[in-house]
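*Asks:* Structure of the sequence below:
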Amino acid sequence: MPPETSDEGDDRIGRALRALGQEGISGLDDLWQAMLAELSAKKHGAPASALAAPPDPAAGAVRTGDGVLVSSKKLVMEVYHDPAGNYSVCGYAERLRKSFGMIYLGLDKGAEYDAQSSKVNAAIQAISERDSFNLALRETRNVLASLSNPAAFEIQDVCDQVLAALCIIWFDLPDASAVLAGGFRPSNLLPPARCPGDFTAPSAYTFMPDPEFLVALTGQRLGHILKEDVTKFVSERRSPANPLQGVLSRAIFSAFPSTSDQDDIIARTIIGVMMGFLPTVEGNVIATVRAWQKDATFTALQQQLAGGAEPDLYLRACAVLKVPLKQAMQLNPVPNAVWRTAVKEHTLGDTNPVQVHPGDKVAIGIASATREDLANKITDVFAVFGGDRREHPHPTHACPGYAMAMGVLLGIIAGVMDPGPGGAHP
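*Replies:* The predicted model follows:
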């Protein structure tokens with residue numbers, strides 16, 4: 001199969017962007033695939049499927065037009081851990097500055113990273129899988145209760161409403177003033193900002209190895225809107241008469257001095273933490289539920305969940321849903337690739353090592369790594385989250401919200417399968 005031409009790639013990207021506008025986060029996978037096709041055609045000279053296909057165990061890393069593509073699980077995790085300091089997230093920093101602004105996601109390991117991230121990451125890690133499951137289950141059931149037929153739910157709409165409700169609980173946003181609740185629509189390119197809809201494009205722009213022009217433009221534009229509106233929220237919530245309620249908004253405020261000149265970095269940090277949470281959770285739950293709805297999987301798992309003897313629904317959901325959920329994420333992870341910038345001359349790989357030069361873009365093939373595990377009957381989604389923060393030492397940018405995210409994923413899925421009294425059951 002020959003690589004796409006530039007015109008073909010641009011047309012595919014245009015279709016994907018239109019789908020994103022029409023379908024919200026459910027179009028994210030098409031957008032990622034379109035962008036990877038463009039990356040392949042313009043930079044690699046090979047089909048984009050190479051970024052997601054099961055890797056050749058003898059390779060694992062190959063040189064591309066502007067750097068290196070890492071595809072094996074072993075090398076993906078090696079780049080994440082980076083014990084020799086060979087890689088930097090400085091490229092994230094450059095894109096963040098063009099969107100909503102710099103935060104610790106764009107900083108490498110060091111004193112400044114620790115100063116900005118320690119309190120915030122600790123607060124995120126303190127949210128347990130069980131607690132987030134219970135909240136997501138409750139909010140999902142609340143959404144379904146408003147439907148005339150809960151069994152006829154549309155997972156996109158459910159996710160938009162549930163995630164907005166969870167963000168109010170944890171971040172005090174959306175507040176119906178500075179930031180509104182809502183999914184992505186073309187009208188989102190105008191203020192006010194919307195949650196969760198406005199967080200997808202800035203995330204894609206920051207983390208995609210090579211976003212095309214329209215993705216970059218949308219990510220920058222929505223980042224600017226978020227920055228302006230969340231900064232307004234921050235200034236309003238400094239008043240003692242309007243205290244914060246969210247555990248994460250309070251943690252972010254307390255991480256920086258209580259002076260108005262810190263409003264800017266507080267706003268940037270709130271946006272960044274929400275950006276790290278929302279697109280990944282929504283993308284994976286929608287991809288999973290829609291895939292299961294296409295065959296008998298959803299109904300089969302729903303029946304298993306309903307027929308389980310365990311009275312604790314969280315424990316029952318873990319037993320019935322967790323492994324199938326992780327396997328679905330391994331097959332089609334969101335995101336399916338991220339990237340780093342090489343800062344040192346070094347070799348990558350053992351059998352057929354690739355020489356890596358300072359300035360090389362190192363594309364990290366998450367999908368190829370997770371699919372390798374899936375083919376080997378290994379259930380593991382930590383590649384989707386940048387590594388396992390429970391390890392010692394752990395990758396600097398391993399997601400502190402792994403437990404929180406998995407709880408929400410399980411809670412939403414359990415909620416649509418078991419809407420509670422009055423809901424539809426198998």
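
*Asks:* from here on, contacts and neighbour counts on C-alpha atoms
*Replies:* Noted.

*Asks:* So which residues of the stretch 251-400 of the chain form helices?
*Replies:* All helices of the stretch 251-400 of the chain, identified by DSSP state H, counting those that start in this stretch, fall at 263-293, 297-307, 313-331, 366-375.

*Asks:* just checking, residue 69 is part of a helix?
*Replies:* No - judged by DSSP: H, G, I helix; E, B strand; the rest coil, residue 69 forms no part of a helix; its state is strand.

*Asks:* tell me the contacts of it?
*Replies:* If a contact means C-alpha atoms under 8 Å, 6 or more residues apart in numbering, then residue 69 has 51, 61, 62, 63, 362, 363, 364, 365 as its contacts.

*Asks:* again, only this time at 10 Å
*Replies:* Counting by C-alpha atoms under 10 Å, 6 or more residues apart in numbering, residue 69 touches 44, 50-51, 60-63, 76, 209, 337, 339, 354, 361-365.

*Asks:* Can you tell me which of those residues are buried?
*Replies:* Neighbour counting with 16 or more other C-alpha atoms under 10 Å marks 44, 50-51, 60-62, 76, 209, 337, 339, 354, 361-365 as buried within the contacts of residue 69.

*Asks:* Considering those, which is situated nearest to residue 99?
*Replies:* The closest of these to residue 99 turns out to be residue 209 (C-alpha to C-alpha; 16.1 Å).

*Asks:* How is the closest one classified with respect to secondary structure?
*Replies:* Strictly by three-state DSSP, residue 209 counts as coil.

*Asks:* ok, it touching residue 363?
*Replies:* Yes - here residue 209 lies in contact with residue 363, judged by C-alpha atoms under 10 Å, at a distance of 5.9 Å.

*Asks:* Find the residues that touch each one of the two.
*Replies:* With contacts defined as C-alpha under 10 Å, 6+ apart, the residues shared by residue 209 and residue 363 are 69, 337, 338, 339, 340.

*Asks:* Which member of the residues you listed is positioned nearest residue 242?
*Replies:* Among the shared contacts of residue 209 and residue 363, residue 338 lies closest to residue 242 (C-alpha to C-alpha), at 38.7 Å.

*Asks:* pLDDT weak spots in the chain?
*Replies:* Scanning the chain for pLDDT under 70 picks out the ranges 1-59, 188, 259, 422-426.

*Asks:* all strands of it, in order?
*Replies:* Secondary structure of the chain by DSSP state E: the strands cover 61-63, 67-70, 87-88, 179-182, 193-196, 338-342, 346-348, 354-356, 361-364.

*Asks:* now could you export just the CA positions of the fourth one as PDB?
*Replies:* Meaning strand 179-182. C-alpha atoms of strand 179-182 as PDB (Å, rounded to 0.1, in the frame of the first residue of the first chain):
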ATOM      1  CA  VAL A 179     -17.000  28.000  31.600                       C
ATOM      2  CA  LEU A 180     -20.200  26.300  30.400                       C
ATOM      3  CA  ALA A 181     -20.900  22.600  30.300                       C
ATOM      4  CA  GLY A 182     -21.000  21.100  26.800                       C
END
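
*Asks:* Just give me the residue closest to the centre of this protein.
*Replies:* Centroid check for the chain by C-alpha atoms, centre = their mean gives residue 280 as the closest residue, at 2.4 Å.
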